[in-house]
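In: Below are the sequence and a predicted model for it; my questions follow.
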Amino acid sequence: MTAKEVIKAIRNVPDFPIPGIQFKDITTALNKPECLKWMRDELVKRYKDLGITQVVGIESRGFIVAPSVAIEIGAGFVPIRKPGKLPGETLKVRYDKEYGKDTIEIHKDALTPEDIVLIHDDILATGGSMYAAVELVRKAGVKKIYTNCLIELEGLNGKQFLADRGVEIECLFGIEVNE
Ligand code: AMP
């Protein structure tokens, strides 16, 4: 399996969820066992020797591969969720989206100052969601933060947006946004 073959398995859905957006549907890669395994194995290869203690997934597509990576590298899994979903006391970050604002939350007691964290999501577009997640984990106060997305949508400058804010991100591969 190669990155090219995984890219081929991702379905483009034009005008979803709104006109003008080309949606990258990863479900057509996830249901192919060899693609799913490739994603898991690539992440394990990159992050296994960094002392990561917690993999933090961003709701909801950041929840798909992250837990199996966490198990393989000997880390735990922590969810970042949309507002009102987590039952315990939470930390919150409010951030700007393309249309309006959004809030994300994490359990206050989910991370410790000793944790080395990998924050994971499926797709990096403008970088807004990932940066909000980094701010949230910074608020929790951990030792070190790594960030990863499976896919970078090229042409949206998400990597630059993050770099301008001191965040370096690794993606498994890039796809042109309108490819
Ligand atoms: P952003 O905050 O702009 O980087 O957007 C990233 C989040 O939105 C990720 O959680 C993605 O799953 C989702 N997303 C953004 N653009 C797309 C797209 N074209 N296709 C699929 N998901 C997308």
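Out: Cool, got the structure.
In: show me what contacts the nearest residue to residue 82 once chain neighbours are set aside?
Out: Nearest residue to residue 82, sequence neighbours excluded (C-beta to C-beta, 6 or more residues apart in numbering): residue 59, at 5.6 Å. (C-beta placed from N, C-alpha, C; glycine too.) Shown in contact with residue 59 (C-beta atoms under 8 Å, 6 or more residues apart in numbering): 79-82, 85, 104.
In: Contacts only, for residue 133.
Out: 56, 58, 80, 93, 104, 119, 121, 147.
In: May I ask which helix or strand encompasses the first one?
Out: Element membership for residue 56 (DSSP states H and E) is strand 54-58.
In: Quick check: neighbours of that strand in the sheet, parallel or antiparallel?
Out: strand 76-80 (parallel), strand 116-124 (parallel) (DSSP bridges).
In: Following the chain onward from it, which element is next?
Out: Once the chain leaves strand 54-58, the next helix or strand it forms, by DSSP H and E, is helix 66-73.
In: Near the ligand, which residues of this structure are found?
Out: Residues of the chain found near the ligand (C-beta under 6 Å from any ligand atom) are 21-24, 61, 121-130, 153, 158.
In: before we move on, the earlier item: and the residue nearest to residue 82, how far from residue 145?
Out: Computed as C-beta to C-beta, to the nearest Å, the residue 59 to residue 145 distance reads 18 Å.
In: about what we covered before: dump the contacts of residue 133 into a markdown table; add pLDDT and neighbour count as well.
Out: Listed next are the contacts of residue 133 as a markdown table, based on pLDDT from 0 to 100; neighbours: other C-beta atoms under 10 Å:
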| residue | pLDDT | neighbour count |
| --- | --- | --- |
| 56 | 99 | 31 |
| 58 | 98 | 23 |
| 80 | 98 | 27 |
| 93 | 98 | 19 |
| 104 | 98 | 21 |
| 119 | 99 | 25 |
| 121 | 98 | 26 |
| 147 | 98 | 23 |
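In: now, which of these sits nearest residue 74?
Out: Taking C-beta to C-beta as the measure, residue 74 lies nearest residue 56 of the contacts of residue 133, at 15.5 Å.
In: what residues are up against that closest one?
Out: Contacts here follow C-beta under 8 Å, 6+ apart; on that basis residue 56 touches 66, 77-80, 106, 111, 117-120, 133, 137.
In: want to throw those into TSV with distance to residue 40?
Out: Listed next are the contacts of residue 56 as TSV, based on distance: C-beta to C-beta, whole Å:
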residue	distance to residue 40
66	10
77	13
78	18
79	18
80	20
106	23
111	23
117	19
118	13
119	17
120	11
133	20
137	22
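In: partners of the lengthiest strand in the chain in the sheet?
Out: The residue-count maximum for a strand in the chain (DSSP state E) belongs to strand 144-154. According to DSSP bridges, strand 144-154 forms sheet pairs with strand 116-124 (parallel), strand 169-176 (parallel).
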